[in-house]
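Peer 1: got a sequence here, can you build the structure:
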Amino acid sequence: MPVNGPPGEEKQTYSFTHNGAKFIATDDYIAHNGEKETVNQSWVDRQLTQDIRPFMFVFGHSPVYHVEHDEADFLFSLEVHPKEAGMFWESMVNNNVSAYFCGHTHMYVRGESQGVQQVVSGNGGAEMPAFNTTLVDPALMLEYPQKSIAQNDQQVGYLVITVHEDLGTFDGVQKMYNATTQSWETGDTFTLKAR
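Peer 2: All right, here's what the predicted structure looks like:
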């Protein structure tokens with residue numbers, strides 16, 4: 001793990017580059033701004049403004065916008081501190097970040113707010129709850145899935161991102177495991193422009 005994060009957060013908050021892409025990992029379980037568990041905003045701002053690479057991937061554990069409303073889940077989410085979560089999102093908007101990738105919630109949900117995608121890819125194997133479209137934060141424009149999903153119909157899966165440096169875009173392909181057919185199927189697909 002890279003050790004270039006802020007003091008006390010080495011190997012937890014960090015960044016690395018590969019070709020035309022920069023990857024920024026945020027740890028939102030460390031107290032900042034008093035006793036609030038949020039991202040290290042000043043470090044994130046420096047990472048976003050001091051690099052001109054066209055592909056900027058920001059990822060962390062918790063969603064900024066909730067996609068379900070479980071009280072226990074809420075206690076460990078960025079949205080517990082709306083002011084700080086708003087500052088984090090605003091920094092991505094202002095620096096033309098295409099997407100924020102996270103998990104925490106055990107399901108796959110993708111939506112957009114202010115031109116930035118939030119991709120929750122937390123369906124890697126833990127027990128998944130039902131997905132109810134009416135519980136998604138109204139500030140997040142839901143893009144996938146478009147309908148509610150019963151708990152028994154949720155599928156484990158993963159997300160593959162392919163960068164097309166020559167086109168200035170990247171593709172996302174969600175793969176879901178169909179236990180009945182014992183095969184991998186394609187779920188969500190999307191294409192986003194680099195900044």
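Peer 1: what about the most centrally placed residue in the chain, which SS state?
Peer 2: When Cα atoms, centre = their mean is applied to the chain, the residue found nearest the centroid is Phe101 (2.0 Å). Classification of Phe101 using DSSP: H, G, I helix; E, B strand; the rest coil returns strand.
Peer 1: ok, Ser91 next?
Peer 2: Ser91 ends up helix, using three-state DSSP.
Peer 1: dihedrals phi and psi, the residue lying closest to it once chain neighbours are set aside?
Peer 2: Nearest non-adjacent residue to Ser91, counting by Cβ to Cβ, 6 or more residues apart in numbering: Asp45, 5.5 Å away. To be clear about C-beta, it is placed using only N, CA and C from the backbone, and glycine gets the same treatment. When read as degrees, to the nearest 10, the backbone of Asp45 gives phi -60, psi -40.
Peer 1: neighbours of Asp45, how many?
Peer 2: 15 (other Cβ atoms under 10 Å).
Peer 1: so it is in contact with Phe88, correct?
Peer 2: No - with contacts counted by Cβ atoms under 8 Å, Asp45 stays clear of Phe88, the gap being 9.5 Å.
Peer 1: which residues touch the helix or strand containing Tyr177?
Peer 2: For Tyr177, the element it lies in under DSSP states H and E is strand 169-178. Counting contacts by Cβ atoms under 8 Å, 6 or more residues apart in numbering, the residues outside strand 169-178 that touch it are 55, 98-99, 108, 110, 119, 121, 123, 144, 155-164, 183-194.
Peer 1: distance from the following helix or strand past it to the middle of the chain?
Peer 2: For strand 169-178, the succeeding helix or strand toward the C-terminus, using DSSP H and E, is strand 183-193. Remark: strand 183-193 is offset 16 Å from the chain centroid, using Cα atoms, centre = their mean, to the nearest Å.
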